[in-house]
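Undergrad: Please work out how this folds:
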Amino acid sequence: MSESEKMTALIQFAGAVAHELNNIFTAVAGNLALLDEHLKHGSPPAEMVGDVVRTAQRGIELSARLQAFAGRQPLKRQLTDVTGLLQDAVGRLRRTVPQSIEMAFVPESRPCVSFVDQGKFRETVEELVANAVDAMGDSGTLKIAVLHLTLDANAMGGLRGGRYILVRITDSGPGMTPDIAGRALDPSFSTKASHFNVGWGLSNCAGFIRQSGGTMNLKTQPGRGTCVEIYLPAESAAHAPNHKLPDEAATARNVA
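TA: Sure, this is the predicted structure:
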């Protein structure tokens, strides 16, 4: 079985497990909530029920993460100017990224339109930027670019041939060794200290992009930084939201 086939099988298994877990934990949490109504507030039984409810909620959160990884999370997709969405996101991120990190946004000269869930896309960009900042530490450069391209069939991650929007998030951090890069999208893997949320960020981002009809790719080398590439199907710009793009030089100055 090839690596691609193994990943497909893992994604399908994760989706099935997520569905069952969500049903189980939702039922447990609902019944405990009913039980809690009949218990005296602050009593030992009520506190015990509260502990179990919190555990059940963690189970529900886990199932939601599995569904995101499997590409089964509920989405509100709409025709979106990805360039405009990125421009707004970069403006907000500049206020949270350390001033010692140089940040540049390089937009395409024409609208880059795709069907995406705008909220989930913002979360994905924020997660990837946060990872890049963590990797760089106190200083470095972060570049976000968006452009059009045309792919041949099966040229990238099994995508169909056609027009795509490519978003690149590139950092000047330490990069990854091949073994780490090969497992970076695995939800069970992380280089950080172990806790409940670790390991899900990149895998959830990749799951969202797959569910949106695209793919996410990592390009990295030790000592040469990391580039995360997001491919999304391009749509006609005829009905895209109006968005005035700044010139590239002004954009770089505004976010640097």
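
Undergrad: Wait, Val167 touches Ala234, no?
TA: No. The criterion here is C-beta atoms under 8 Å, and Val167 misses it with Ala234 at 11.7 Å. (Glycine included, C-beta is placed from N, CA and C.)

Undergrad: The two - which one has more neighbours?
TA: Using other C-beta atoms under 10 Å as the criterion, Val167 and Ala234 rank with Val167 on top: 26 against 20.

Undergrad: pLDDT at the more buried one, what is it?
TA: Predicted confidence (pLDDT) for Val167: 96.

Undergrad: Contact partners for Asp171?
TA: Ala132, Val133, Ala135, Met136, Gly140, Thr141, Leu142, Lys143, Gly225, Thr226, Cys227 (C-beta atoms under 8 Å, 6 or more residues apart in numbering).

Undergrad: Could you identify the most distant pair in these?
TA: Spanning the widest gap among the contacts of Asp171 are Val133 and Cys227, at 14.9 Å by C-beta to C-beta.

Undergrad: coming back round to it: which one of the contacts of Asp171 is nearest to Thr215?
TA: Looking across the contacts of Asp171 and measuring by C-beta to C-beta, the closest to Thr215 is Cys227, at 14.3 Å.

Undergrad: Give me the local confidence score for the spatially most central residue of the chain.
TA: With distances taken as C-alpha atoms, centre = their mean, Cys205 lies nearest the centre of the chain, 2.4 Å away. On the pLDDT scale, Cys205 is placed at 86.

Undergrad: Ok, the one 3 residues further on next?
TA: Here the pLDDT value assigned to Phe208 is 86.

Undergrad: What sits closest to it if chain neighbours are left out?
TA: Spatial nearest neighbour of Phe208, excluding adjacent residues (C-beta to C-beta, 6 or more residues apart in numbering): Lys120 at 5.3 Å.

Undergrad: how close does that neighbour get to Met136?
TA: Using C-beta to C-beta, to the nearest Å, one gets 25 Å for the distance from Lys120 to Met136.

Undergrad: rewinding a little: correct me if wrong: the residue nearest to the centre of the chain contacts Ala130.
TA: No. Counting by C-beta under 8 Å, Ala130 is not a contact partner of Cys205; they are 10.9 Å apart.

Undergrad: before we move on, back to that, mind pulling up the pLDDT for the residue nearest to Phe208?
TA: 89.

Undergrad: Please report how far it lies from Ala135.
TA: To Ala135, Lys120 is 23 Å away according to C-beta to C-beta.

Undergrad: Kindly report the same for Asp36.
TA: Distance of Asp36 to Ala135, computed by C-beta to C-beta: 44 Å.

Undergrad: Look at the two and report which has more neighbours.
TA: Ala135 (19 against 15).

Undergrad: for Gly137, what are its contacts?
TA: Gly137 makes contacts with Gly173, as judged by C-beta under 8 Å, 6+ apart.

Undergrad: Spatially, what comes nearest to Leu39 if we skip its sequence neighbours?
TA: Nearest one to Leu39, counting by C-beta to C-beta, 6+ apart, is Ala46 at 4.1 Å.

Undergrad: What is the burial count for Ser100?
TA: A count of neighbours around Ser100, defined by other C-beta under 10 Å, yields 10.

Undergrad: sorry, that was for Met103
TA: 22.

Undergrad: show me the residues around it that make contact.
TA: By C-beta under 8 Å, 6+ apart, the contact set of Met103 is Val90, Leu93, Arg94, Val97, Thr141, Leu142, Lys143, Ile144, Val255, Ala256.

Undergrad: A ChimeraX selection for the residues you listed, restricted to the buried ones, would help me check which they are.
TA: To isolate the buried members of the contacts of Met103 in ChimeraX, using 16 or more other C-beta atoms under 10 Å:
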select :90,93,97,141,142,143,144,255
